[in-house]
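J.: For reference, the sequence and a predicted model appear below.
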Amino acid sequence: MDSIRVRGGGPLMGSIEISGAKNAALPLLAACLLTDGSLTLSRLPRLADIQTLSKLLIQHGVEVKPAASDDGDEAVGGTVTYTAAKITDTTAPYELVRQMRASVLVLGPLLAREHVATVSLPGGCAIGTRPVDLHLKGLQQLGAQIEIEAGYIHAKAPKGLKGGRVTFPHVSVGATENLLMAACLAKGESVIENAAREPEVIDLADCLVRMGARIEGIGSNAITVQGVDRLGPAEHEVVADRIEAGTFAMAAAVTGGEIELIGARTDHLGALTEALAFSGVQFKRTPRGFSVKRSQTELVGVDIKTEPYPGFPTDLQAQFMALMTTAKGASMVTENIFENRFMHVPELARMGADINVHGGTAMVRGVEGLNGAEVMATDLRASVSLVIAGLIASGETTVNRVYHLDRGYERLEEKLAACGADIKRISAKN
Ligand code: UD1
């Protein structure tokens, strides 16, 4: 297993090209199942999770073809055409689904197009139990008959899905996406209330509209879909990854450097830029994206709590906590989305951070400095928070189990090294 070695050093300076968003790309890939036409996606991040979902799509009969022009220009990400001319298999097996929870996003499209789908339950994961009950209840509102047997969701709608009203008791990104895709091919009108408003949901809806879907209320918490008989081919560019941009913004802030984030959008990062501005970080729009730098010598502690968009994203909580470990004063970090998303706390503590957890809240008291250590984390964002801490720790930090990072960050160490970080991937073979 590879690891990443970071040596704490000076301020990071330079520019970083932001990749397409993993969390937008995955539902977009699943959307190809809704049409026999070709869906061409550009600015796809080159990540393990994209490969995993592609494998599942191939199993359903999808032809996956990288564009001839895709010469592997790493800076812009890949262009790939997905064609589901015929769905040859409506089962998503456990071996593939267990590798990645987002696989459950094939359920809505398969059911809508083939009127039947058998999808393995994804199971829990490191950050919480993460049930899929809202996905299933929503699909039942559209007329699906669902049974759970031997760890599999057996769903069918013999006469096809029909429009319905779905009111989610709380916001779920995945359930909104599954329902949105299913509703596109349901008969009549569907209304999704208390829908997620994340930029990744908007990106999916925009792509579905390009494919011929009739959707209103995109970006609001009430989405209305008029079902159509079929969707057609389309081309779509994946939205820039706001979580990647936010992560590098915090890397710039923690080291006291200045980084321009090319292709990034501040309008998708309102809650983060607000918190960072209070802490002493400046954001400036540039023609290519935006730049981030610390506006004062010392950062100050700021409280945040994670919430559905436009609130502070749970996917930036760990990185923010790493930033707060050396800020002046204290910071209260509250996690509202997942019950077990503080695995980075004991690891940050091993590097000298002063953090106390009480239920869903962590109290971070700023310390003078961190010291390098050998650390590991069991999820993607927790892992990258340890890299951020390593950028300012004295001595050497080794982050183990780097495969988590590879699931969500494209060439992380290269992008940071290009801005002056002393960071290196240590291959397991060495
Ligand atoms: C969530 C995040 C998303 C992030 C992703 C990966 C939110 C609202 N969503 O999306 O921004 O990119 O994790 O870290 O911040 N839930 C149920 N039943 C369901 C589905 C979800 O109870 O059927 C619960 C979850 O356990 C969780 C909450 O609802 O507590 C939000 O989950 P959801 O938005 O569905 O999770 P993801 O789609 O994975």
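T.: Structure's in. What do you need?

J.: Looks to me like residue 134 is in a helix.
T.: Yes: inclusion of residue 134 in a helix is indicated when DSSP: H, G, I helix; E, B strand; the rest coil is applied.

J.: what's the neighbour count on it?
T.: Neighbours of residue 134 under the rule other C-beta atoms under 10 Å: 20. In short, each C-beta sits where N, CA and C put it, glycine included.

J.: cool, the one 10 residues further on as well?
T.: The number of residues packed near residue 144 is 26, by other C-beta under 10 Å.

J.: This protein against the ligand: which residues are in contact?
T.: 23, 128, 130-135, 170-175, 196, 198, 308, 313-315, 337-338 (C-beta under 6 Å from any ligand atom).

J.: one more time with 8 Å, if that's ok
T.: 23, 101-102, 127-137, 170-177, 196, 198, 200, 243, 306-309, 313-315, 337-339, 380-381 (C-beta under 8 Å from any ligand atom).

J.: and the residues you listed, which are buried?
T.: Buried members of those, scored by 16 or more other C-beta atoms under 10 Å, are 23, 101-102, 127, 130, 132, 134-137, 171-177, 196, 198, 200, 243, 306, 308-309, 313-315, 337-338, 380-381.

J.: Please enumerate the strands of the stretch 251-400 of the chain.
T.: Along the stretch 251-400 of the chain, the segments classed as strands by DSSP state E, counting those that start in this stretch run 258-262, 281-286, 289-294, 304-305, 330-334, 354-358, 361-365, 374-376, 396-400.

J.: who does the fourth one pair up with?
T.: The partner list of strand 304-305 in its sheet, established with DSSP bridges, is strand 330-334 (parallel).

J.: again, but for the first one
T.: Here strand 258-262 has these sheet partners by DSSP bridges: strand 13-17 (parallel), strand 289-294 (antiparallel).

J.: And the second one, by the same measure?
T.: Applying DSSP bridges, strand 281-286 is found paired with strand 289-294 (antiparallel).

J.: what is the mean pLDDT for the strand it pairs with?
T.: Mean pLDDT, strand 289-294: 95.

J.: contacts for it?
T.: When contacts are defined by C-beta atoms under 8 Å, 6 or more residues apart in numbering, strand 289-294 is touched by residues 18, 245, 248-249, 252-253, 256-266, 276, 280-284.

J.: how about a cut-off of 10 Å?
T.: Residues from elsewhere that reach strand 289-294 (C-beta atoms under 10 Å, 6 or more residues apart in numbering): 11-13, 15-18, 240, 245-246, 248-267, 269, 273, 276, 279-285.

J.: Which parts of the stretch 301-430 of the chain are helices?
T.: 317-324, 344-350, 380-390, 403-408, 412-417 (DSSP state H, counting those that start in this stretch).

J.: again with the stretch 151-300 of the chain
T.: With helices called from DSSP H, counting those that start in this stretch, the stretch 151-300 of the chain shows them at 173-184, 199-210, 242-255, 270-279.

J.: Residue 393 is nearest to which of those?
T.: Relative to residue 393, the nearest member of those by C-beta to C-beta is helix 242-255, separated by 10.2 Å.

J.: From the chain's centroid, how far away is that closest one?
T.: Centre-to-centre, helix 242-255 and its host chain are 15 Å apart (C-alpha atoms, centre = their mean, to the nearest Å).

J.: Could you dump the helices of the stretch 301-430 of the chain into CSV with mean pLDDT added?
T.: Formatted as CSV, those follow (pLDDT from 0 to 100):
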stretch, mean pLDDT
helix 317-324, 98
helix 344-350, 96
helix 380-390, 96
helix 403-408, 87
helix 412-417, 96
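
J.: can you list the weak-confidence ranges in the stretch 1-150 of the chain?
T.: 69-77, 123-129 (pLDDT under 70).

J.: let's see it at 50
T.: The stretch 1-150 of the chain contains residues with pLDDT under 50 at 75.

J.: Do a quick rundown of the helices in it.
T.: Under DSSP H, counting those that start in this stretch, the stretch 1-150 of the chain gives helices at 22-31, 48-60, 94-97, 107-114, 133-141.

J.: Quick one: closest of those to residue 400.
T.: Minimum separation from residue 400 across those (C-beta to C-beta) falls at helix 48-60, 16.8 Å.

J.: buried sites along the closest one?
T.: 49, 50, 52, 53, 54, 56, 57, 59, 60.

J.: ok, now which ones touch the third one?
T.: Contacts were defined as C-beta under 10 Å, 6+ apart; by that measure residue 52 touches 26, 96, 97, 99, 100, 102, 103, 407.

J.: Throw these into CSV and include distance to residue 332, thanks.
T.: Shown next, in CSV, are these (distance: C-beta to C-beta, whole Å):
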residue, distance to residue 332
26, 32
96, 40
97, 36
99, 35
100, 32
102, 31
103, 35
407, 29
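
J.: rewinding a little: just send the helices of the stretch 151-300 of the chain back as JSON lines, with mean pLDDT too.
T.: Below are the helices of the stretch 151-300 of the chain laid out as JSON lines (pLDDT from 0 to 100):
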{"stretch": "helix 173-184", "mean pLDDT": "98"}
{"stretch": "helix 199-210", "mean pLDDT": "98"}
{"stretch": "helix 242-255", "mean pLDDT": "97"}
{"stretch": "helix 270-279", "mean pLDDT": "97"}
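
J.: Include distance to residue 150 when you put those into CSV, please.
T.: CSV is the format used below for the helices of the stretch 151-300 of the chain (distance: least, C-beta to C-beta, whole Å):
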stretch, distance to residue 150
helix 173-184, 22
helix 199-210, 31
helix 242-255, 35
helix 270-279, 42
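
J.: of these, which approaches residue 121 most closely?
T.: If you check each of these against residue 121 by C-beta to C-beta, helix 173-184 wins as the nearest, at 13.2 Å.

J.: Alright, that wraps it up for me.
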